[in-house]
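J.: Starting from these lines, generate the structure:
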Amino acid sequence: MKKVIFVIIFGLLLSGNAYAGIGLGMYAKRHTLHTLDGTERGKIFIKASREDLNNTLEFRHYAGIVAEFLQKHGFRRAKDEKDVKYIGLINYGLSTDGMYSTVYKFDVSNDVGHSIVTEVIEYALAPQKKFISNKGYIRVFELNIFDLKENKETSHIYQGKIVSKGKCGEMQEVAPDIIKMLFKKWPGKNGAKRIMSFKSGIC
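T.: As a prediction, this is how the structure comes out:
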């Protein structure tokens, strides 16, 4: 009887907290959209989706982690974007006031003259650094990959987003583990939303 009660309580905790940390590790929800088929090969240049992140120590650290995972799947990181086939855009942070949005436009520094405009992606999140009762802080990490075609066209081939809730209000405390969850059984099923977990304490 006690075993049955424990199972019921455990199930309620999982459903009630969705992907918040509940003392058994860190949880997150992964959102995936892609057209990858496993044959992708070539150089990729990784940059930040937002100018305020670009070239910071924090961004360079996260980009290095992402590059290690991408290399396992045929994407070799390049030091500049001149001769690459792919562009990877990284965005991350705690929730911002009102809506958390990603929109970025830039010209690729190559001879072909590619331009990339990211879609506006909005998440209904709480004000920055606000601790939400019974849920904690909301942390987001996102990776978008674009294929640069020979005729100046670009193809958005991957969008992966991790949304995590927990007691830790600094990205540096959770980002490495969140990135690992993003790449768990990567790229995942197109259109899927999956609850991920990582045994890293209760952050």
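J.: and stretch 193-203, what's its mean pLDDT?
T.: Averaging pLDDT along stretch 193-203 yields 71.
J.: That should have said stretch 30-39, apologies.
T.: 91.
J.: I90 contacts A63, correct?
T.: Yes: between I90 and A63 there is a contact under Cβ atoms under 8 Å: 6.1 Å. Yep, even glycine has a C-beta here, placed from its N, CA and C like the rest.
J.: Next one: Y62 from Y137, what distance?
T.: With distances taken as Cβ to Cβ, to the nearest Å, Y62 is found 17 Å from Y137.
J.: now I179
T.: With distances taken as Cβ to Cβ, I179 is found 17 Å from Y137.
J.: the more surrounded of the two?
T.: Each of I179 and Y137 has its neighbours counted (other Cβ atoms under 10 Å); Y137 has more, 25 against 21.
J.: Phi and psi next, for the more buried one.
T.: Backbone torsions for Y137, taken as degrees, to the nearest 10, come to phi -80, psi 160.
J.: How about it, nearest residue that isn't a chain neighbour?
T.: G169 (4.4 Å; Cβ to Cβ, 6 or more residues apart in numbering).
J.: So what's the residue count around the nearest residue in space to K193 that is not next to it in sequence?
T.: Leaving aside its sequence neighbours, K193 sits nearest to H31 (Cβ to Cβ, 6+ apart; 5.3 Å). Using other Cβ under 10 Å, H31 has 17 other residues around it.
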